[in-house]
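Undergrad: Fold the following for me, if possible:
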Amino acid sequence: MTNKIIKAGVIGDPIAHSLSPIIHNFFLKKYDISGSYEAIHVKKNDLKSKINYLINNDFVGFNVTIPHKEEIFLMCDYLSNSARAIGAVNTVIITHDKKIFGHNSDSDGFINNLKFNVPDFNLKSKQVFLVGAGGASRAIIYGLIKSSVAKIFIYNRDQQRANNLIKHFCDFANKNNCQLSALDKKSFDDNLKNCDLLVNSSSLGMEGQDPLMIDLSKLKKTALVYDIVYKPLITDLLNQASKNGNKIITGLGMLINQALIGFEAWYKKKPENDQQLEKILLKNLKL
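TA: Presented below is the predicted three-dimensional model:
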């Protein structure tokens with residue numbers, strides 16, 4: 001009797017750049033699992049038919065990347081607490097009765113990467129300064145509120161988007177005694193003396209994007225600086241933070257940690273973070 005191949009993948013548009021197949025196939029090989037994981041190009045208009053194809057061709061699940069994370073949220077039969085709170089899905093499990101269960105692993109990926117890199121840093125009662133108000137910001141805010149931070153100050157070039165984000169999480173933040181505020185650029189920079197964790201959740205500083213202009217001169221030396229951008233791995237923000245004497249966390253670990261959650265759900269094996277994988281990913285990023 002031959003082992004049935006456990007099939008999973010990632011859907012998106014574009015998808016050729018995705019590092020997810022490298023991550024999952026690395027662990028499939030490492031743990032000698034009879035499984036496959038592939039990148040599947042899915043245009044917006046084809047989303048429903050492609051999901052039906054995956055369900056009917058014995059896929060156990062799939063990851064979801066841009067531009068489908070919000071759309072897939074509306075199509076799920078079941079949702080995890082994180083997916084419901086964030087309003088987006090990046091990990092789907094197909095059940096035995098062909099239903100789809102949507103989860104968002106970005107918040108745990110963000111928090112687990114922080115814990116892995118700085119295990120002695122306790123988020124409880126901390127003040128977090130966050131740049132960005134996009135999809136990644138939602139997952140990060142959810143993870144931070146769950147981790148009992150005291151305050152989150154948000155700066156975004158479009159302040160209305162920051163206000164919308166605060167409105168979205170208002171009830172959840174109040175229940176968890178977390179204060180959310182939007183700041184303009186000057187107030188954000190001026191108040192960095194109170195910052196325990198500075199996070200860039202925007203695409204600013206990424207290759208091909210505008211630079212992230214932040215003055216870290218007022219940032220205290222004990223503050224952590226975390227950039228979810230991973231191309232380049234050491235962004236200008238992280239470079240400036242290192243020179244300032246702050247501990248830094250790169251975005252590559254968040255990508256890996258969010259992937260580990262889907263891998264365990266589909267292949268029934270809990271993988272451990274592996275430095276060899278980071279080297280392979282860096283090589284693929286040509287870093």
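
Undergrad: which strands and helices sit next to the lowest-mean-pLDDT helix or strand in the chain?
TA: Lowest on mean pLDDT, DSSP states H and E among the helices and strands of the chain sits helix 275-284, with a mean of 91. Applying 3 or more CB pairs under 8 Å, 6 or more residues apart in numbering; DSSP states H and E, one finds that helix 275-284 makes contact with helix 20-30, helix 252-267. (Each C-beta comes from the backbone N, C-alpha and C, glycine too.)

Undergrad: Any buried residues in the longest one, and which?
TA: Neighbour counts over helix 252-267 (16 or more other CB atoms under 10 Å) mark 252-263, 265-267 as buried.

Undergrad: ok, now the first one?
TA: By neighbour count, and taking 16+ other CB under 10 Å as the criterion, the buried residues in helix 20-30 are Ser20, Pro21, Ile22, Ile23, His24, Phe26, Phe27, Leu28.

Undergrad: Run through the neighbouring helices and strands of that helix.
TA: strand 6-12, strand 35-41, helix 252-267, helix 275-284.

Undergrad: for this structure, what spans make up the strands?
TA: Remark: strands assigned in the chain by DSSP state E are 6-12, 35-41, 59-64, 78-79, 91-94, 100-103, 127-131, 151-155, 179-182, 197-200, 224-227, 247-249.

Undergrad: what's the closest of the ones you listed to Phe116?
TA: strand 247-249 (9.0 Å; CB to CB).

Undergrad: roughly how far out does that closest one sit from the chain middle?
TA: Its chain's C-alpha centre and that of strand 247-249 lie 17 Å apart, by CA atoms, centre = their mean, to the nearest Å.

Undergrad: That one pairs with which strands, and in what direction?
TA: Strand 247-249 pairs in its sheet with strand 224-227 (parallel), by DSSP bridges.

Undergrad: residues in contact with the partner strand?
TA: Identification of contacts with strand 224-227 by CB atoms under 8 Å, 6 or more residues apart in numbering yields 114, 118, 121, 196-200, 205, 216, 219, 235, 237-238, 241, 246-251.

Undergrad: and with 6 Å instead?
TA: Strand 224-227 has contacts (CB atoms under 6 Å, 6 or more residues apart in numbering) with 197-200, 235, 237-238, 241, 246-249, 251.

Undergrad: Break this protein into its domains for me.
TA: Domain assignment for the chain, taken from automatic domain parsing, gives 6-104+255-284, 107-250.
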